[in-house]
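[1] coords please:
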Amino acid sequence: MLLNRFEDAIMGGWLKVNSPMAVRQLSTWVRKISQSGRSKLDHVSGQHDDNLRGLAMAYFTRHSFDVLVNRQTSKFATPEDKPPELVTDWCENTITL
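    A predicted model of the protein is given here:
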């Protein structure tokens, strides 16, 4: 759960990693799948992921009570709190048989 939330934060743009060491460790971070079918995030053999796990713990501790739906709503909300107008100029509304 900890590393999955951390991965979602990075992939979703909620967390930007600025540490050169952590960026290097991210490049060797892979999802490994066991014989039973369970997956886990881990480092490539011979590499390290200590900084990533530390960042994940810090992120999770700071945002443990955040509701992801509220965060996404605030990130993508327009100033008027209404959805943007749908632009349909590029499409035709006719069906040719």
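[2] Where does the prediction get shaky in this protein?
    68-69, 74-84, 88-97 (pLDDT under 70).
[3] what about the longest helix in it?
    helix 50-62 (DSSP state H).
[4] what comes into contact with that one?
    For helix 50-62, the external contacting residues (C-beta atoms under 8 Å, 6 or more residues apart in numbering) are 2-3, 5-6, 9, 15, 17, 19, 21-22, 25-26, 29, 43. Every C-beta, even on glycine, is put in place using the N, C-alpha and C of the backbone.
[5] Show me what counts as buried in that helix.
    Using 16 or more other C-beta atoms under 10 Å as the test for burial, helix 50-62 gives 51-53, 55-56, 59.
[6] From those residues, pick the one nearest residue 34.
    residue 53 (19.0 Å; C-beta to C-beta).
[7] Would you pull up how far the longest helix of the chain lies from the middle of the chain?
    Helix 50-62 has its C-alpha centroid displaced from the chain centroid by 14 Å (C-alpha atoms, centre = their mean, to the nearest Å).
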